[in-house]
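**Student:** sequence first, predicted model second:
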There are 2 protein chains.
Amino acid sequence: MSQDGVGVDLKTSLGYLLKEASSVLRAAMEEVLRPLGMSVTHYSCLELLAQRPGLSNSELARGAFVTRQTMNVLLQALEREGHVTRPAEAPVGKVLPTRLTPRGRRSLEKATVAVRSVEVRMLAGMTETEQAGAFRILQSMIHSLRDGNDGA
Amino acid sequence: MSQDGVGVDLKTSLGYLLKEASSVLRAAMEEVLRPLGMSVTHYSCLELLAQRPGLSNSELARGAFVTRQTMNVLLQALEREGHVTRPAEAPVGKVLPTRLTPRGRRSLEKATVAVRSVEVRMLAGMTETEQAGAFRILQSMIHSLRDGNDGA
DNA sequence: TGACTCATGTCAGAATTCTGACATAGGTTG
DNA sequence: CAACCTATGTCAGAATTCTGACATGAGTCA
């Protein structure tokens, strides 16, 4: 009655499982980051800046999967706490390139260790081949959903 | 510089990709549900009730990956709009079994069609074998993160 | 050059979700 | 039976994120 050919069976739905996995991952990350007084978005922002210094507010927002307004709020807090710096005026256009301070880098280091432990735990029991397969499949899903044709 | 052996390289991180996939999926679902005046959590709740009638508030919350307080707010709205019904008093304990009304069922039907189109699009380009592999891998991740053991 | 379009940073208010707290029901254990 | 523990439903307030809106800078095109 619930799946008469038209329903979405949650027990076998990849979308539902994806949401569950994401939820569990987020909870696990929050758990290890809480003792450091850091949220997941918080950490994502610092990690992005470490790997790609000089990212703008909007670029950080896209990388952390939040709106640029949300990232702006976070950046203002991080700036106030001395974890990141932004020039008072934009070198070009309106884009303000953001950079980690030494303090932000130290803060990130501890967080990275914690997050890495979660990622290692998540990958436990998966072979390298399986991990590569998972990577490819997730990318396929993302690509299919992004380049979406207009709804039929 | 960014991954001196200790960093988490976002470009190759399965956790990051998982978050991205989940984000894109959510956006795609919101896009098709918006014309129906329905949110993802909204839809999740109705779909859960269709497949497992009589679920309690707390069980629905776990199934939709939100807190029971959040689900309670949603259920009160759905009840007010006549999409679900709950008995005034608990048959046993404090648990209030929730059920879809005919109206809720009709509302869900439209949403299911929309969500199904997203899921189909997401799976485009994946063979049945790949889908089965993805399913197994996601379950493995969830299991490993839940029971902190290395699932090896 | 001027009009148009797009992306950005930012402020403000709304919506959503969460954390904290409380009372109550049921099971467990001594 | 009594004490304890867990789970549930619910209220209230806080935190987070989002949508709407505006001004500005850069690129495009006629």
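**Tutor:** Nice, thanks for sending it over.
**Student:** who touches whichever strand or helix holds residue A:78?
**Tutor:** Per DSSP states H and E: residue A:78 is located in helix A:68-80. Applying CB atoms under 8 Å, 6 or more residues apart in numbering or on different chains, the contact partners of helix A:68-80 are A:41-42, A:45-46, A:57-58, A:60-61, A:64, A:84-86, A:98, A:104. Glycine gets a C-beta too; all of them are placed from N, C-alpha and C.
**Student:** near DNA strand D, anything from that helix?
**Tutor:** Yes. Legend: contact between helix A:68-80 and DNA strand D by CB under 7 Å from any atom of the strand is shown at A:69, A:70, A:73, A:74.
**Student:** and the last one, how many neighbours does it have?
**Tutor:** Number of residues near residue A:74 (other CB atoms under 10 Å in any protein chain shown) recorded here: 20.
**Student:** now swap in residue A:37 and tell me
**Tutor:** Count around residue A:37 with other CB under 10 Å applied: 9.
**Student:** for it, give its distance to residue B:147.
**Tutor:** Separation of residue A:37 from residue B:147 (CB to CB, to the nearest Å) stands at 27 Å.
**Student:** centre-most residue in chain A?
**Tutor:** residue A:64 (4.4 Å; CA atoms, centre = their mean).
**Student:** element containing the residue nearest to that one when sequence neighbours are not counted, please.
**Tutor:** Excluding the flanking residues, the one nearest residue A:64 by CB to CB, 6 or more residues apart in numbering or on different chains is residue A:44, at 4.2 Å. Residue A:44 belongs to helix A:40-51 when assigned by DSSP H and E.
**Student:** helices and strands around that helix, which ones?
**Tutor:** helix A:14-33, helix A:57-64, helix A:68-80, strand A:84-85, strand A:99-100, helix A:102-123 (3 or more CB pairs under 8 Å, 6 or more residues apart in numbering or on different chains; DSSP states H and E).
**Student:** the fourth one vs chain B: in contact?
**Tutor:** No. Applying CB under 8 Å from any CB of the partner chain, one finds strand A:84-85 out of contact with chain B, separated by at least 15.7 Å.
**Student:** partners of that strand in the sheet?
**Tutor:** strand A:99-100 (antiparallel) (DSSP bridges).
**Student:** tell me the mean pLDDT for the partner strand?
**Tutor:** Here strand A:99-100 scores 96 as its mean pLDDT.
**Student:** how about stretch A:56-74?
**Tutor:** Here the average pLDDT along stretch A:56-74 is 97.
**Student:** return that stretch as PDB; C-alpha atoms alone will do.
**Tutor:** Listed next in PDB are the C-alpha coordinates belonging to stretch A:56-74 (Å, rounded to 0.1, in the frame of the first residue of the first chain):
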ATOM      1  CA  SER A  56      36.100  35.500  -0.600                       C
ATOM      2  CA  ASN A  57      33.000  35.400   1.500                       C
ATOM      3  CA  SER A  58      30.800  34.100  -1.300                       C
ATOM      4  CA  GLU A  59      33.300  31.500  -2.300                       C
ATOM      5  CA  LEU A  60      33.500  30.200   1.200                       C
ATOM      6  CA  ALA A  61      29.700  30.100   1.400                       C
ATOM      7  CA  ARG A  62      29.600  27.900  -1.700                       C
ATOM      8  CA  GLY A  63      32.300  25.700  -0.300                       C
ATOM      9  CA  ALA A  64      30.600  25.200   3.000                       C
ATOM     10  CA  PHE A  65      27.100  24.800   1.400                       C
ATOM     11  CA  VAL A  66      25.500  27.800   3.100                       C
ATOM     12  CA  THR A  67      24.300  31.100   1.900                       C
ATOM     13  CA  ARG A  68      26.700  34.000   1.600                       C
ATOM     14  CA  GLN A  69      24.600  35.800   4.300                       C
ATOM     15  CA  THR A  70      25.200  33.000   6.700                       C
ATOM     16  CA  MET A  71      28.900  32.800   5.900                       C
ATOM     17  CA  ASN A  72      29.100  36.600   6.400                       C
ATOM     18  CA  VAL A  73      27.800  36.300  10.000                       C
ATOM     19  CA  LEU A  74      30.300  33.500  10.700                       C
END
